[in-house]
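> next input, structure requested:
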Amino acid sequence: MRTLSELDASFLFLESSRAPLQVGGTYIFKKKSTRSKFNFERIKALIANKLGNEIFLRQKLVEAPLNNEFPIWCDDPNFDLENHVHHIQLNTLKSPCSLEELSAKILNTPLERHQPLWQVYYVDGLDSESGYSKQHFALILVTHISALDHSTGEDILSQLLDVSPHVQKLTTPEPWVPTELPETASLIEAAYNTALSIPSSIANLLKDTASSAFYSVLYEKLQRLNLPSALLSVASTPLNKKVSSKRVSDNLRLSFSSIRTLRQELNNVTTNDILIGVCAEALHSYLKDNNALPKAPLIALSPISVRSTSLTYKSGKQLTASLFSLITNESNPIRRIRQIHSMATSSNHYDDAISANRLTELVPSNMASLSARVYSEFLLAQKFKPMFNLPIINIPGPQFPLYLEENELVSLSCSSPLFDGIGLTITIISYNGEYNINCTYCPDRFNGEKPFSRYLEEALERIDQLKHTALEEKEDESRSFVSGIIDDASELVSGLFSSTTSSKQGE
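Purely as a prediction, here's the structure:
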């Protein structure tokens with residue numbers, strides 16, 4: 001048994017049925033041939049064979065009476081794989097939908113808390129009009145943020161993928177004997193003993209006054225990091241309002257060659273600068289079309305990986321958070337990209353950032369989970385006052401194919417949770433020569449007549465058209481963009497609970 005940390009418990013207390021704090025993705029595979037016998041029963045057997053590798057797969061949360069104590073991870077004595085691995089034939093559903101629509105619905109359906117907080121869906125019968133054949137199938141994975149390992153991001157998919165196609169030899173797993181659940185009497189006693197001290201740090205965060213205290217402490221700590229003041233004041237847009245339970249999962253695939261060609265023609269910029277520039281131009285166009293473009297630039301949050309000397313991060317890497325301006329108040333997308341590059345290189349962490357080709361030993365879903373977790377930590381502050389307009393998560397994946405037995409992973413998309421004040425998230429994953437871009441948004445907050453992926457496509461086309469345009473220098477150009485790195489995002493946010501409690505006790 002292990003007790004949830006204050007930070008992990010906060011994810012449970014602050015989420016809602018409209019906006020569950022869950023991460024996941026859709027992974028599309030192609031079978032070796034039409035004669036392949038790989039099916040739902042095989043994927044279920046593979047997962048069953050890996051259950052002993054990750055303890056969270058068979059653990060559930062046990063909550064104390066009245067929620068006065070942090071929940072405890074305990075072995076689920078009633079664990080049944082049938083409740084976690086499901087089969088859906090897309091072409092036989094009574095209500096026809098696309099794979100993207102199905103994925104959006106699954107990823108935003110709150111997980112049942114009385115059982116382990118993860119689900120896997122094996123989906124076949126994919127739509128031929130979308131380019132799929134009978135050889136294609138998909139896996140949709142969803143995991144609660146609180147169940148993720150904060151240092152590895154391990155999920156079930158990382159246990160299944162390999163760099164070469166081969167049929168796995170299943171071993172006989174050791175018998176699993178779950179640890180007995182704690183008795184109700186002991187939970188009541190623990191709740192009674194801590195009833196007077198715990199609520200102010202977590203449960204009371206549901207109240208506006210405590211949220212205000214939480215934000216105030218966070219704001220004070222961010223000021224000590226010498227972040228530019230412009231980063232601590234966020235413009236309001238239609239995307240930064242209360243979200244409903246509706247979701248759209250919109251995907252776009254771009255070739256490496258198209259982005260690299262632009263990088264070479266623009267000179268002295270990186271592929272990341274261009275990708276951020278494409279996102280910024282798409283947002284600029286969307287907000288302008290809806291007469292909602294604010295005078296102040298939008299602020300994005302992006303988890304990045306840097307070298308770490310901390311023993312906590314045994315891999316030598318840790319995720320930090322970068323807050324930066326998208327310079328959406330600049331109308332020229334080429335000038336904007338150059339300013340984004342200047343903004344990135346002026347950061348005092350630029351030399352510590354780990355290059356993309358050194359991060360690809362991690363399965364993309366691991367990095368996606370870790371990045372979404374860092375982003376979610378800052379959603380706690382969004383409850384009171386926005387710190388950023390949206391997250392843009394750029395994840396470098398392996399530039400070679402991965403396999404689930406003999407089935408090649410041909411494309412993937414990972415999404416991050418929405419929250420009140422965050423109606424759009426963008427997650428970019430590079431894999432095997434392509435950029436896979438997922439845009440998850442609340443349609444009640446997004447008023448576009450076309451999907452956001454179309455805005456991204458048009459943004460790339462506009463940048464390509466203007467790439468040779470001569471730019472006039474602006475006198476105030478150096479002041480039009482800002483950025484800042486938060487040294488250790490997890491440590492910063494984790495330490496807020498005790499600070500918030502102390503702050504309120506001192507009132």
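
> so which strand or helix has Gln339?
Using DSSP states H and E, Gln339 sits within helix 333-345.

> what about the helices in the stretch 151-300 of the chain?
Ranges of helices within the stretch 151-300 of the chain are 156-160, 184-194, 208-224, 256-266, 271-289, based on DSSP state H, counting those that start in this stretch.

> can you flag the weakest of those by average pLDDT?
Lowest mean pLDDT within the helices of the stretch 151-300 of the chain: helix 184-194, at a mean of 49.

> Leu12: neighbour count?
21 (other C-beta atoms under 10 Å). Where C-beta positions appear, they are placed from N, C-alpha and C, glycine not excepted.

> part of a helix, is it?
Yes. According to DSSP: H, G, I helix; E, B strand; the rest coil, Leu12 belongs to a helix.

> quick one: the residue lying closest to it once chain neighbours are set aside and Ser10, what's the gap?
Distances taken as C-beta to C-beta, 6 or more residues apart in numbering put Ser146 closest to Leu12, at 5.8 Å, once the chain neighbours are dropped. Going from Ser146 to Ser10 by C-beta to C-beta, to the nearest Å gives 9 Å.

> and the two? which has more neighbours close in?
Higher neighbour count among Ser146 and Ser10: Ser10, with 28 against 24, using other C-beta under 10 Å.

> what's the pLDDT at the more buried one?
On the pLDDT scale, Ser10 gets 74.

> can you tell me how far it is from Asp75?
Following C-beta to C-beta, the distance that separates Ser10 from Asp75 is 24 Å.

> may I see the buried residues of the helix holding Gln339?
333-344 (16 or more other C-beta atoms under 10 Å).

> what's the angle between it and helix 256-266?
Helix 333-345 runs at 90 degrees relative to helix 256-266, counting by axes from the mean of the first three to the mean of the last three C-alpha atoms, to 10 degrees.

> so who does the residue nearest the centre of the chain touch?
Taking C-alpha atoms, centre = their mean as the criterion, Ala372 is the residue nearest the geometric centre of the chain, at 2.8 Å. By C-beta atoms under 8 Å, 6 or more residues apart in numbering, Ala372 lies in contact with 23, 145, 393, 414, 416-417, 427.

> same check on Val269?
Neighbours of Val269 in contact, by C-beta under 8 Å, 6+ apart: 263, 337-338, 340-341.

> which among these gets closest to Lys169?
The closest of the contacts of Val269 to Lys169 turns out to be Arg263 (C-beta to C-beta; 43.9 Å).

> relative to Trp73, how far out is the closest one?
Using C-beta to C-beta, one gets 45 Å for the distance from Arg263 to Trp73.

> again, but for Pro20
18 Å.

> secondary structure of the residue nearest to Leu12: a helix, I assume?
Yes. Counting by three-state DSSP, Ser146 falls inside a helix.

> isn't it right up against Glu15?
No. Taking C-beta atoms under 8 Å as the definition, Ser146 is not a contact partner of Glu15, at 9.2 Å.

> shared neighbours, these two?
Counting by C-beta under 8 Å, 6+ apart, the residues touching both Ser146 and Glu15 are Leu21.

> ok, now how distant is the nearest residue to Pro173 once chain neighbours are set aside from Trp176?
Using C-beta to C-beta, 6+ apart and skipping residues adjacent in sequence, the residue nearest Pro173 is Gly52, 5.7 Å away. From Gly52 across to Trp176, the span is 7 Å (C-beta to C-beta).

> if you count surrounding residues, which of these two has more?
For Gly52 and Trp176, the more surrounded residue by other C-beta under 10 Å is Gly52, and the numbers stand at 13 against 10.

> just to be sure, the more buried one is in a helix?
Yes. Counting by three-state DSSP, Gly52 is found in a helix.

> Val120 should be in a helix, yeah?
No. Judged by three-state DSSP, Val120 forms no part of a helix; its state is strand.

> burial count for it?
Per other C-beta under 10 Å, the neighbour tally for Val120 reads 21.

> quick one: distance of stretch 440-458 to the chain centre.
Counting by C-alpha atoms, centre = their mean, to the nearest Å, stretch 440-458 is centred 18 Å from the centre of its parent chain.

> an error on my part: the question was meant for stretch 164-180.
29 Å.

> may I see the buried residues of it?
Buried residues in stretch 164-180 (16+ other C-beta under 10 Å): none.

> which residues are contacting it?
Here stretch 164-180 makes contact (C-beta under 8 Å, 6+ apart) with 1, 32, 45-46, 48-49, 51-52, 58, 74-77, 79, 162, 403, 405-408.

> first vs last residue of that stretch, how far apart are they?
Terminal residues of stretch 164-180 lie 40 Å apart, using C-alpha to C-alpha, to the nearest Å.

> and the contacts of Val269, which is closest to Thr109?
Ranked by distance to Thr109 (C-beta to C-beta), the contacts of Val269 are led by Ile340 at 36.2 Å.

> contacting residues around the closest one?
269, 273, 276-277, 280, 324, 326-327, 481.

> could you rerun that using 7 Å?
By C-beta atoms under 7 Å, 6 or more residues apart in numbering, the residues touching Ile340 are 273, 276-277, 327.

> now the contacts of Ala372 as JSON lines including neighbour count, distance to Leu102 and pLDDT?
Supplementary listing: the contacts of Ala372 in JSON lines, determined by neighbours: other C-beta atoms under 10 Å; distance: C-beta to C-beta, whole Å; pLDDT from 0 to 100:
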{"residue": "Val23", "neighbour count": "28", "distance to Leu102": "17", "pLDDT": "90"}
{"residue": "Ile145", "neighbour count": "26", "distance to Leu102": "22", "pLDDT": "87"}
{"residue": "Ile393", "neighbour count": "26", "distance to Leu102": "22", "pLDDT": "89"}
{"residue": "Cys414", "neighbour count": "27", "distance to Leu102": "16", "pLDDT": "90"}
{"residue": "Ser416", "neighbour count": "30", "distance to Leu102": "18", "pLDDT": "89"}
{"residue": "Pro417", "neighbour count": "26", "distance to Leu102": "18", "pLDDT": "91"}
{"residue": "Thr427", "neighbour count": "25", "distance to Leu102": "18", "pLDDT": "93"}
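
> could I get those residues in a markdown table, plus columns for distance to Asn447 and secondary structure?
Listed next are the contacts of Ala372 as a markdown table, based on distance: C-beta to C-beta, whole Å; DSSP: H, G, I helix; E, B strand; the rest coil:
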| residue | distance to Asn447 | secondary structure |
| --- | --- | --- |
| Val23 | 26 | strand |
| Ile145 | 29 | helix |
| Ile393 | 24 | strand |
| Cys414 | 25 | strand |
| Ser416 | 21 | coil |
| Pro417 | 21 | coil |
| Thr427 | 22 | strand |
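
> fine, thanks again, bye for now.
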